[in-house]
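> return atomic coordinates for the entry below.
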Amino acid sequence: MMKKWVAVASVAVLVLVVLNGVSKSGNDVTARRGLFATLKVGQAVNLKDVGPVYEIGTFDDAMPLGYTVVEIDTDYIVLRDIAKVTETRIPIYAVKSVSHIRTKMQADQ
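Residues are numbered from 1 along each chain as shown. Model prediction:
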């Protein structure tokens, strides 16, 4: 009987460990890497349609741009237009680049 309880407890611990490791942390900035790593929810961005793909651009300053980031996941991003009428979900394979335009000179340059 004791062996059954040990086996059940071991399986339960294993399941908890696996589920904890697989938990979604897509919106956690510290855990996110890859193409959308520099973007934050609520950030103003510019969206440029370049044929079959998009280019996303940001600026140093808080400038009013055409879109706001609503949601970021590992394989897509959701942007809302400035009029707050349209939300666009863009898969990662349809994003050519994410560029950041510096409007201020850095001290080390």
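
> the residue nearest the centre of the chain - nearest residue in space that isn't next to it in sequence?
Note on the chain: the residue nearest the mean C-alpha position is residue 72, at 3.0 Å, using CA atoms, centre = their mean. In this structure, residue 72 finds its nearest non-sequential neighbour in residue 36, 5.1 Å apart by CB to CB, 6 or more residues apart in numbering. Yep, even glycine has a C-beta here, placed from its N, CA and C like the rest.

> before we move on, the earlier item: surely the residue nearest to the centre of the chain touches residue 39?
Yes - counting by CB atoms under 8 Å, residue 39 is a contact partner of residue 72 at 5.9 Å.

> that older thread, spit out the contact partners of the residue nearest to residue 72.
72, 74, 77, 92, 98 (CB atoms under 8 Å, 6 or more residues apart in numbering).

> now do the phi/psi pair for the last one.
Right, the one you point to is residue 98. phi -120, psi 110 (degrees, to the nearest 10).

> name the nearest residue to it, ignoring sequence neighbours.
Closest residue to residue 98 apart from its sequence neighbours, by CB to CB, 6+ apart: residue 56 at 4.7 Å.

> quick check: the gap between that neighbour and residue 62.
Distance, residue 56 to residue 62, by CB to CB, to the nearest Å: 17 Å.

> what do you get for residue 48?
With CB to CB as the criterion, residue 48 and residue 62 are 20 Å apart.

> again with residue 38
For residue 38, the distance to residue 62 - CB to CB - is 15 Å.

> more neighbours: the two, which one.
Neighbours per residue (other CB atoms under 10 Å) separate residue 38 from residue 62, with residue 38 holding more: 14 against 8.
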